[in-house]
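Novice: pasting the sequence and the predicted model now:
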Amino acid sequence: MFLTRLASAFSAARQFSTSTVLQYPKLKSHSGAKKRWRSLSSGNFKRAHAYHSHLNVNKGSGQKHRLSKTAYSHDKQTVTLKKLLPYGSP
């Protein structure tokens, strides 16, 4: 009699939980970092330079050329960005 009650209690508990592994909550990505940075396969991140979208008549050709190039994250920035974007970015 006791064993049948015990077996029915275990079967009822299985209906609510399909696995015994704890699932931690998902980590949220930082919205601002998501819009500005892209992850690379090497683990670093890249971004575009600011001040290149308008008012370019007043800027010299050298400055515009430098601003058009891609900027990459430094070692310290990469550590911070990996915390802000735990799953990388598309």
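Specialist: Alright, I've got the coordinates.
Novice: contacts and neighbour counts: CA atoms only from here.
Specialist: Will do.
Novice: ok but Lys46 is inside a strand, no?
Specialist: Yes. Counting by DSSP: H, G, I helix; E, B strand; the rest coil, Lys46 is found in a strand.
Novice: and Tyr72, what are its bridge partners?
Specialist: Lys46 (DSSP bridges).
Novice: which stretches of this structure form strands?
Specialist: Using DSSP state E, the strands of the chain run over 38-39, 45-48, 70-72.
Novice: elements contacting the second one?
Specialist: Helices and strands in packing contact with strand 45-48 are listed as strand 38-39, strand 70-72; criterion 3 or more CA pairs under 8 Å, 6 or more residues apart in numbering; DSSP states H and E.
Novice: in the longest one, what's buried?
Specialist: Neighbour counts over strand 70-72 (16 or more other CA atoms under 10 Å) mark Tyr72 as buried.
Novice: so what touches that strand?
Specialist: Outside strand 70-72, the residues within contact range by CA atoms under 8 Å, 6 or more residues apart in numbering are Asn44, Phe45, Lys46, Arg47, Ala48, His49.
Novice: tabulate the residues you listed (JSON lines), appending neighbour count and pLDDT.
Specialist: Output for the contacts of strand 70-72, formatted as JSON lines (neighbours: other CA atoms under 10 Å; pLDDT from 0 to 100):
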{"residue": "Asn44", "neighbour count": "19", "pLDDT": "96"}
{"residue": "Phe45", "neighbour count": "21", "pLDDT": "97"}
{"residue": "Lys46", "neighbour count": "16", "pLDDT": "97"}
{"residue": "Arg47", "neighbour count": "16", "pLDDT": "97"}
{"residue": "Ala48", "neighbour count": "15", "pLDDT": "97"}
{"residue": "His49", "neighbour count": "15", "pLDDT": "97"}
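Novice: closest to Leu67 among these?
Specialist: Taking CA to CA as the measure, Leu67 sits nearest to His49 out of the contacts of strand 70-72, at 5.4 Å.
Novice: any idea how far apart the tips of stretch 42-57 sit?
Specialist: By CA to CA, to the nearest Å, the extent of stretch 42-57 from end to end equals 37 Å.
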